[in-house]
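Sequence first, predicted model second:
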Amino acid sequence: MNSNLKILFCGILSSPFIMADLNLLKKYYKNIDIIDLKITQESREGFLRYLLYLLTKGIIQIKKCDTVYIWFALYHAVPLIIISKLFDKRSIVWVGGWEVSKIEEIKYGNQFNKFHGAATRWCLRNADAVLISSQSYKNIILKLAPSANVYLIHHTINDSLYDIDIPEKSNRVVTALFAGNFTRTLKGIDLFDKVAFEMTDKYKFEICDGIPHDKMIEIFKTSKVYCQLSHTESFGISLVEAMACGCVPIVVDRDSLPQLIGNSGIVIPHGDEAALIKAIQVAMTMDGNKARERAKLYNSDHRMELLSQIMENDIVSIVIPSYNSAKWLPDTIKSVQDQTYKNVEIIVVDDGSTDNTKEVVESIHDPRIRYVPNIINRGECRSSRIGFSLARGKYICRLSSDDMYANENKIKHQVQYMDETGVDWSYNSINCIGESFNSSITAETYWMVLPTRYGHKILQLFDNYILMFPRIAFIRLFYGNPVNSSTLMFRATSYKIGDKWSNIHRTDCDGLLLFSMLLRGTRGGSIREMGSFYRTHPNQMSYNPIYIAEMKVIRREIIEKLYKGDYPIWLKMLVRILGVSK
């Protein structure tokens with residue numbers, strides 16, 4: 001995490017949860033400037049004063065920052081995004097939920113207003129990143145603006161709530177809302193009132209309506225059950241706070257609420273009075289410690305880990321060259337989607353496939369996916385280069401269309417390793433599988449050229465020492481490539497400085513890539529953990545005689561480039577002595 005990142009925070013500071021977000025950011029980042037958007041709510045004249053401020057002082061603030069961080073995709077975000085683009089600054093917009101909603105049943109949502117709805121949709125399309133706290137609302141955003149770069153990041157609560165002592169619980173049932181008649185409808189308070197009237201002789205019922213936050217937490221501590229009966233809900237911060245205080249949650253089957261509580265509480269149909277009465281009776285017998293443990297999933301460290309990836313723009317580009325791999329592609333792409341490192345782009349280069357590759361890719365609704373078709377078949381090497389040239393990431397990975405990531409932390413651990421060590425590229429281990437997972441063998445590779453009787457594990461201890469000397473490692477490649485391309489991650493800058501080989505080659509992209517980077521002195525690193533599943537099947541290129549024949553041509557071209565190029569004499573002599581050119 002880059003604590004020196006300069007952030008311009010734009011939000012209504014009178015809002016408690018926006019202030020909580022600002023205070024959280026201040027714990028991790030040193031340089032935060034602020035624009036209070038309260039003025040935009042005052043009147044039309046207030047918005048004109050806001051525009052005047054942006055054109056005088058605000059434009060200077062944006063010019064000095066790295067990232068413009070905006071709360072809510074409303075009309076006030078439009079000029080902020082436009083100015084950000086003018087100065088090539090990254091814009092990030094949080095969506096609360098109301099901006100993208102249009103719920104006819106209760107006439108709720110910003111999309112009922114043509115002007116304001118259009119402003120929101122423009123923000124979604126043009127912000128560099130759109131943040132939302134629930135999958136259901138992410139789906140809504142993508143229907144409104146399919147090209148939006150949407151990231152799912154949960155909200156959080158005060159971490160101190162996870163460790164507080166919980167007093168003895170009363171038989172109180174509680175819910176919470178902000179003051180306002182419409183909010184009562186939105187939060188399902190009418191249903192809560194009905195059940196409270198029917199069960200008042202058995203349990204206490206209380207509504208925390210616009211009371212101070214500290215007092216609300218004290219009520220949660222002694223309450224047994226918390227109800228969230230909302231018509232729609234993108235997250236539910238009060239719900240998570242109540243769970244952290246040991247309340248057993250009862251929620252309706254709307255939006256993110258069932259996923260939020262997991263199996264720590266009870267889910268009922270929305271508006272079902274009988275189901276709510278029964279759920280309260282059952283919840284009174286349940287242990288609230290399960291809800292406390294569930295609430296810890298939404299801690300601030302995890303949130304900031306995801307948020308920092310997006311704010312600091314550490315995009316990882318995953319290039320997937322594909323030829324007639326429609327059968328494998330869904331699993332391949334899903335293995336990328338399942339990564340804990342979420343700030344990725346997926347570039348699928350369709351190399352003139354004759355199967356239904358295009359339909360398969362387009363059926364996967366993820367704004368991070370880019371589909372790039374080749375009119376004719378160019379081969380995996382040239383298709384990979386096309387993907388590399390389109391990549392926007394700080395780091396680039398190449399993943400074969402029939403392989404998969406085996407470890408959900410694969411990208412995260414490689415990024416951390418490369419950030420910490422400064423190496424130019426890294427790789428990890430593979431597990432060889434067939435067309436199914438029934439047969440699985442870990443492939444042992446190493447850079448030390450010795451007989452295997454010395455033991456794979458011992459030889460692997462020398463890998464990172466050899467990789468400290470790139471041109472020695474370069475010679476090792478002539479005796480076999482220890483790196484599988486589906487585990488490789490490299491810096492975009494390292495790829496650009498490498499030698500560019502002739503454009504005739506269709507195969508062995510990973511070999512050419514490593515030869516190029518090592519010859520130019522880039523350093524690599526080995527991470528000894530399982531990274532990818534390498535699928536073996538009769539149709540793969542590795543078994544093709546054309547591939548084997550072209551390998552010889554590639555090796556001759558590399559040797560010729562070495563001898564003619566401006567490289568150390570000792571390296572040229574060592575290559576001759578070892579006879580690798582034969």
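Now that the structure is in, tell me what you want to look at.

Going by C-alpha atoms from here, please, whenever you check contacts or count neighbours.
Noted.

Val267 belongs to a strand, doesn't it?
Yes - under DSSP: H, G, I helix; E, B strand; the rest coil, Val267 sits within a strand.

Tell me if I'm right that it and Asp255 touch.
No - counting by Cα atoms under 8 Å, Val267 stays clear of Asp255, with 11.8 Å between them.

The two: who's more crowded?
Using other Cα atoms under 10 Å, the more surrounded residue of Val267 and Asp255 is Val267, with 23 against 18.

What separation do you get for that one and Asn484?
Per Cα to Cα, to the nearest Å, Val267 is found 46 Å from Asn484.

tell me the contacts of Thr493?
With contact set as Cα atoms under 8 Å, 6 or more residues apart in numbering, Thr493 has these partners: Lys394.

all helices for the stretch 301-450 of the chain, in order.
Taking DSSP state H, counting those that start in this stretch as the test, the helices found in the stretch 301-450 of the chain are 329-337, 357-362, 380-390, 410-421.

Report all helices and strands that the last one contacts.
By that I understand helix 410-421. Helix 410-421 sits against strand 425-433, strand 524-535, with contacts defined as 3 or more Cα pairs under 8 Å, 6 or more residues apart in numbering; DSSP states H and E.

Tell me which of the helices of the stretch 301-450 of the chain approaches Gln309 most closely.
Using Cα to Cα as the measure, helix 410-421 is the one of those that comes nearest Gln309, at 10.1 Å.

Centre of the chain to that closest one, how far?
15 Å (Cα atoms, centre = their mean, to the nearest Å).

Show me what it is in contact with.
The contact list for helix 410-421 (Cα under 8 Å, 6+ apart) reads 339-341, 395, 424-427, 489, 527, 530-531.

For that helix, list the C-alpha coordinates in CSV.
Taking C-alpha atoms only, helix 410-421 is exported to CSV below (Å, rounded to 0.1, in the frame of the first residue of the first chain):
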residue,chain,number,x,y,z
LYS,A,410,-2.0,-16.7,-6.9
ILE,A,411,-2.1,-13.1,-8.3
LYS,A,412,-2.2,-11.5,-4.8
HIS,A,413,1.0,-13.4,-3.7
GLN,A,414,2.9,-12.7,-6.9
VAL,A,415,2.1,-9.0,-6.8
GLN,A,416,3.2,-8.8,-3.1
TYR,A,417,6.4,-10.7,-3.9
MET,A,418,7.3,-8.5,-6.9
ASP,A,419,6.5,-5.3,-5.0
GLU,A,420,8.6,-6.4,-2.1
THR,A,421,11.6,-7.8,-4.0
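
Now it: average pLDDT?
Mean pLDDT, helix 410-421: 91.

Which elements pack onto the helix or strand that Val575 is a member of?
If you go by DSSP states H and E, Val575 is part of helix 569-578. Using 3+ Cα pairs under 8 Å, 6+ apart, no helix or strand is in contact with helix 569-578.

I'd like the average pLDDT over it.
For helix 569-578, the mean pLDDT works out to 72.

end to end, how far does stretch 368-376 reach?
Stretch 368-376 has an end-to-end distance of 25 Å (Cα to Cα).

Just the buried residues of that stretch, please?
368-370, 372-373 (16 or more other Cα atoms under 10 Å).

Please apply the same query to stretch 80-96.
By 16+ other Cα under 10 Å, the buried positions in stretch 80-96 come out as 80-84, 89-96.

thinking again about what came up before, any idea which of the buried residues of stretch 368-376 is closest to Thr285?
The nearest member of these to Thr285, counting by Cα to Cα, is Arg368 at 44.9 Å.

That closest one reaches Gln337, doesn't it?
No - between Arg368 and Gln337 there is no contact under Cα under 8 Å: 9.3 Å.

In CSV, list the contacts of helix 410-421 along with distance to Ser133.
Converted to CSV, the contacts of helix 410-421 look like this (distance: Cα to Cα, whole Å):
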residue, distance to Ser133
Gln339, 18
Thr340, 16
Tyr341, 16
Tyr395, 26
Asp424, 34
Trp425, 33
Ser426, 33
Tyr427, 33
Met489, 29
Ile527, 33
Met530, 31
Gly531, 29
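
Generate a PyMOL selection restricted to the buried subset of those.
Applying 16+ other Cα under 10 Å to the contacts of helix 410-421 leaves a buried subset, and the PyMOL line that selects it is:
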select buried, resi 339+341+395+424+425+426+427+489+527+530+531
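
got the contacts of helix 410-421 as TSV, with distance to Val240 and pLDDT columns?
Output for the contacts of helix 410-421, formatted as TSV (distance: Cα to Cα, whole Å; pLDDT from 0 to 100):
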residue	distance to Val240	pLDDT
Gln339	25	92
Thr340	22	88
Tyr341	24	89
Tyr395	36	92
Asp424	42	91
Trp425	41	90
Ser426	39	91
Tyr427	39	87
Met489	37	92
Ile527	37	86
Met530	35	76
Gly531	34	74
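
What's the mean pLDDT across stretch 476-485?
Mean predicted confidence for stretch 476-485 is 76.

in that stretch, what counts as buried?
476-477, 481-485.

and what of stretch 199-206?
Neighbour-count burial for stretch 199-206 flags 205-206 (criterion: 16+ other Cα under 10 Å).

Export that stretch to CSV, keeping only CA atoms.
The C-alpha atoms that make up stretch 199-206 are tabulated as CSV, following Å, rounded to 0.1, in the frame of the first residue of the first chain:
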residue,chain,number,x,y,z
MET,A,199,-45.8,-10.0,20.5
THR,A,200,-45.5,-7.1,22.9
ASP,A,201,-46.5,-9.3,25.9
LYS,A,202,-43.5,-11.6,25.2
TYR,A,203,-40.7,-9.4,24.0
LYS,A,204,-39.5,-5.8,24.0
PHE,A,205,-39.4,-4.0,20.7
GLU,A,206,-37.4,-0.9,19.9
